[in-house]
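J.: For reference, the sequence and a predicted model appear below.
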Amino acid sequence: MSCQRRLASRERITKLQFNAKSENNMKQSTYIWQGVNKQGERCYGETISADSEMVKAFLLKQGILPIKISKKIALFSANNKILFKDITLFARQMATLLAAGISITKALDIIAHTQTKIIFTQLILTLKADVTAGCSMTEALKQHPKYFNKFFCNLIEAGEKSGKLEQIFERIAQYREKYTLLKTKINKALFYPATILTIAILICSGLLIFVVPQFATLFQSFGAELPLMTRMIVKLGDGVQRYGWIFLLGFAIFLTTIKIIKQRSFRLNQFFDHWQLKLPIIGNILQKAIIASFSRTLATLFASGIPLIESLHTVANTTGNLLYLNASHQISTAVSSGQTLKMAIQQTQLFSPLVAQMISVGEESGTLESMLLKISDIYEDEVNNSVDSLTTLLEPFIMLLLGVLVGCLVIAMYLPIFQLGSVIR
């Protein structure tokens, strides 16, 4: 029986896994309970179930006498989303359980019953149902491309063919953990100054909208010409009050238009990706991060037994930059035509001589995987150092900028008061 025909029985098998609870999964909730175990000790916990009676039956079956059961109410719940870190944790747990000699279906069952997210529990139990129906792990994962991309599935397929699935899950977990750390660093480099500048703009806008008008009313009673700096600030505050909403609306429309065009225009996406790499300091950090990700992804795929050309095609979809995506396809074409990986990479002019030289050493010595990992480690360290240095350098500059902006506003408002004697005369 083919996997597709086996999948037709998924609903029936999944229903057996969920028992009566799966008749209406959307009604399931998280319940907080308190009870007493067989040793007479108080215990606490959380359980996902359809109602409190099922929680009570479950606790009694575990030898726990329930005292109190209540539905958990979360003001801000992420229980309806499966995040990147959830899939990473799933890979880590699978690696650990499979390495301990536990079967795939049993491992999936254990992981499913340790989750707090209902939707994630359902996903894992669906995977278990598919595997139980006779599908391979790869085929089961491919049914959910939203959570398991081509990179993930290709590695699992290689692991199943080689009989080293636990090692592949370990590599996936390590790769995703490294990727998360790198992405966090990049976000820090990009969003830290943006956040501080946004706060500065909000503070200045607040002063212009709420504070400046109060001073303007006071100054009008002086009956004398105000200093130039004060007049400029008063006019600026008046302009923000009158036309600020038009500016915000126009800015929002502009951003929305750019986003829509960017989704539909390949050239605009290419322009933005090229422009990002040309930014001072930030562009260099982004380029290093892309090279680090490229090297680690290629090393992970190649080490798992996936052919180099196929690995390059998969890497292209994980770069996150159209320039490097095109470069990956060019490298793949060049390698398939007989060129060395070093020559193919040099022709793109997007990689440093260090990368090409280390890849050349790896090709000649048969240690391409370890060289790619070393390249990744080198560039990840450079990204970390660059971000830390950037943050250290930006902090005093941003504080100075905030001081100048707020200081100018304060001085402009108090300057007429300092000259109060001459203004009244």
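T.: Everything's here; your move. This is a predicted model, so every value here is computed, not measured.
J.: contacts, neighbours, all on C-alpha from now
T.: OK.
J.: What ranges in the stretch 151-300 of the chain fall below the confidence cut-off?
T.: Low-confidence segments of the stretch 151-300 of the chain (pLDDT under 70): 222-224.
J.: Quick one: the helices in it, in order.
T.: All helices of the stretch 151-300 of the chain, identified by DSSP state H, counting those that start in this stretch, fall at 165-206, 212-220, 228-264, 266-277, 282-303.
J.: Tell me how far Q214 lies from P227.
T.: 17 Å (Cα to Cα, to the nearest Å).
J.: quick revisit: can I get the helices of the stretch 151-300 of the chain in TSV with mean neighbour count and distance to T367?
T.: As requested, the helices of the stretch 151-300 of the chain are exported to TSV (neighbours: other Cα atoms under 10 Å; distance: least, Cα to Cα, whole Å):
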stretch	mean neighbour count	distance to T367
helix 165-206	17	18
helix 212-220	15	67
helix 228-264	14	40
helix 266-277	15	30
helix 282-303	22	10
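J.: can I get those in TSV with distance to Q349?
T.: Formatted as TSV, those follow (distance: least, Cα to Cα, whole Å):
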stretch	distance to Q349
helix 165-206	23
helix 212-220	54
helix 228-264	26
helix 266-277	13
helix 282-303	12
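J.: wait, which of the ones you listed is closest to F151?
T.: helix 282-303 (8.0 Å; Cα to Cα).
J.: which helices and strands sit right next to the very next helix or strand once past that closest one?
T.: Once the chain leaves helix 282-303, the next helix or strand it forms, by DSSP states H and E, is helix 308-316. Applying 3 or more Cα pairs under 8 Å, 6 or more residues apart in numbering; DSSP states H and E, one finds that helix 308-316 contacts helix 150-162, helix 282-303, helix 322-336.
J.: got those helices as JSON lines, with distance to I172 columns?
T.: Listed next are these as JSON lines, based on distance: least, Cα to Cα, whole Å:
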{"stretch": "helix 150-162", "distance to I172": "7"}
{"stretch": "helix 282-303", "distance to I172": "8"}
{"stretch": "helix 322-336", "distance to I172": "21"}
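J.: Put the alpha carbons of stretch 233-240 into CSV.
T.: Coordinates of the C-alpha atoms in stretch 233-240 are reproduced here as CSV (Å, rounded to 0.1, in the frame of the first residue of the first chain):
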residue,chain,number,x,y,z
ILE,A,233,10.1,75.5,17.9
VAL,A,234,6.7,77.0,18.4
LYS,A,235,6.0,76.9,14.7
LEU,A,236,7.3,73.3,14.5
GLY,A,237,5.0,72.4,17.4
ASP,A,238,2.0,74.1,15.7
GLY,A,239,2.8,72.2,12.4
VAL,A,240,3.0,68.8,14.2
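J.: which residues sit against that stretch?
T.: Residues outside stretch 233-240 that contact it (Cα atoms under 8 Å, 6 or more residues apart in numbering) are S205, L208, I209, V212, P213, A216, L409, A412, M413.
J.: if you set the cut-off to 10 Å instead, what comes out?
T.: By Cα atoms under 10 Å, 6 or more residues apart in numbering, the residues outside stretch 233-240 that reach it are 204-213, 215-217, 219, 228, 230-232, 241-244, 246-247, 408-410, 412-413.
J.: Show me what whichever helix in the chain runs longest is packed up against.
T.: Ranked by residue count and defined by DSSP state H, the top helix of the chain is helix 368-418. If you count contacts as 3 or more Cα pairs under 10 Å, 6 or more residues apart in numbering; DSSP states H and E, helix 368-418 packs onto helix 165-206, helix 212-220, helix 228-264, helix 282-303, helix 353-365, helix 420-424.
J.: Which of these sits closest to L402?
T.: helix 165-206 (6.0 Å).
J.: what distance separates that closest one from the centre of its chain?
T.: 7 Å (Cα atoms, centre = their mean, to the nearest Å).
J.: That one versus helix 282-303: what angle between them?
T.: 170 degrees (axes from the mean of the first three to the mean of the last three Cα atoms, to 10 degrees).
J.: tell me the angle of helix 165-206 relative to helix 150-162?
T.: Using the same axes, to 10 degrees, helix 165-206 lies at 170 degrees relative to helix 150-162.
J.: Need the residues that contact stretch 51-71.
T.: In contact with stretch 51-71 (Cα under 10 Å, 6+ apart) are residues 20-21, 27-49.
J.: Now do that stretch, average pLDDT.
T.: Stretch 51-71 shows an average pLDDT of 82 in the prediction.
J.: thinking again about what came up before, what about burial for the contacts of stretch 51-71, which qualify?
T.: For the contacts of stretch 51-71, a neighbour count by 16 or more other Cα atoms under 10 Å gives the buried set as 21, 29-37, 46-49.
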